[in-house]
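Visitor: Quick one, what's the 3D model for this:
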Amino acid sequence: MSYRGIRRMFTRRRTCGFLPTVAAIFFVATFVFTAWGLSRVIAPETDIEVSILTRQNAGAYRAAAVWGASFLVFVIASIWTAILALTIVRRYLATGLRLVILVVAGLLSVVGLLMNQWYVKETSDAPLRMIFAAGIPIYQMTAIGNSIAVGVVVLSIAASCSLMRRPRRLSAQSLRNRIEYSRLSLFSAAIFLIAGVAEIYFLNDWPAHVYVGATSGLDRNSLHELAVTMGIIVGVMYSTVLLAVYVPLMAVQEQWVRVAAERAVNGTTDGDPQKWREMQMLSRTVFATFAQILAVVGPSLAALGIPKLLVGMGA
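Guide: Residues are numbered from 1 along each chain as shown. Reported below is the predicted structural model:
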């Protein structure tokens, strides 16, 4: 081996050794910075003096804090899901296709950032206007959330498509790697979308706890029901996205495993494809199947469960 090859190998090992530490520092720094930024964003609702504290102020404080926490979880989940998707794309796609995906994801993220400008007017009499009137840039935060969601969804779809590209050789090791990446990608995307459902629900339920500037004839129950409806709609939509993106991937990989098993035992006297799958850890268990189904319906279940879990928030 040449000196250059030895140096490259040494550098790669050293880099891989530092990656977990760098990733941990990055996530902690992102968490702290995002939490600090959100605390400043919701400060008009949370900076309350004890002398003027009322039940109305306390409700607005709680709604602001819960939304801020949900947005923080959404941001952290989006970062992890995006990093995983980029890792998969980098491993299974050529450089040219990677660049195309990054450009498309970037452009659509910009579209998501500008989306609010097309259908939201800060002077309109929408429920979120009450939060904006309190001095919170809620429309800008919503635009940021839309941009993040669009970008991460595009990257997750790209990762799923890259995992559906047929490998040159249907080896057991290659299939195991792809299946593990697929499961991890599915669970990560499900957690990310569940966090998105929670953030959207708490965002739309926030006005139910703010009375200043409320439209005449509008009560808290109406606003709360609107938030529940929005959560259910988004939850069903997100579950549909997971179903459309990951079920074909699971079907394709199952077909690859079946073909690989039949080829491996072909010509043997006591060949059993199922035994080969079990020996190669490629058999589909009931638990794994149930977990994947649960991940797909997770956003819908979250939309139905969060309002019931936190029913006190709307009381």
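Visitor: In the chain, where is pLDDT below threshold?
Guide: Scanning the chain with the threshold set as pLDDT under 70 gives 1-20, 48-55, 116-125, 211-219, 267-270, 308-315.
Visitor: ranges for the helices of it?
Guide: 3-41, 43-46, 55-92, 95-119, 128-133, 138-163, 172-205, 220-265, 273-279, 286-309 (DSSP state H).
Visitor: residues touching the closest residue to Ala261 other than its chain neighbours, list them.
Guide: Spatial nearest neighbour of Ala261, excluding adjacent residues (CB to CB, 6 or more residues apart in numbering): Pro273 at 3.7 Å. Backbone N, C-alpha and C define where each C-beta goes, glycine included. Shown in contact with Pro273 (CB atoms under 8 Å, 6 or more residues apart in numbering): 258, 261-262, 264-265.
Visitor: I'd say Val152 and Leu84 touch.
Guide: No. Counting by CB atoms under 8 Å, Leu84 is not a contact partner of Val152; they are 10.0 Å apart.
Visitor: Who has more neighbours out of those two?
Guide: The neighbour comparison of Val152 against Leu84 (other CB atoms under 10 Å) goes to Val152, with 25 against 20.
Visitor: contacting residues for the more buried one?
Guide: 78, 81-82, 85, 192.
Visitor: Please tell me how far the residue nearest in space to the middle of the chain sits from Leu99.
Guide: Nearest to the geometric centre of the chain sits Phe192, at 2.0 Å (CA atoms, centre = their mean). Going from Phe192 to Leu99 by CB to CB, to the nearest Å gives 24 Å.
Visitor: for Met230, same thing?
Guide: 36 Å.
Visitor: Then Asp205?
Guide: 41 Å.
Visitor: go on, Trp67?
Guide: Applying CB to CB, the value for Trp67 to Leu99 is 36 Å.
Visitor: the more surrounded of these two?
Guide: Neighbour count, other CB under 10 Å: between Trp67 and Leu99, Trp67 has more, with 27 against 11.
Visitor: Now do the same contact list for that one.
Guide: 42, 199, 202-203, 206.
Visitor: surely Val89 meets Ser156?
Guide: No. Here Val89 lies out of contact with Ser156, judged by CB under 8 Å, at a distance of 10.1 Å.
Visitor: who has more neighbours, these two?
Guide: For Val89 versus Ser156, neighbours defined as other CB under 10 Å are more numerous around Ser156 (26 against 20).
Visitor: so that one sits right up against Leu86, yeah?
Guide: No. If you go by CB under 8 Å, Ser156 and Leu86 don't touch, sitting 10.3 Å apart.
Visitor: In CSV: the contacts of Pro273, plus neighbour count and distance to Asn146.
Guide: As requested, the contacts of Pro273 are arranged in CSV below (neighbours: other CB atoms under 10 Å; distance: CB to CB, whole Å):
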residue, neighbour count, distance to Asn146
Arg258, 14, 41
Ala261, 25, 44
Glu262, 12, 47
Ala264, 18, 48
Val265, 17, 51
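Visitor: from the residues you listed, which is closest to Tyr246?
Guide: Distance to Tyr246, by CB to CB, is smallest for Arg258 among the contacts of Pro273, at 18.6 Å.
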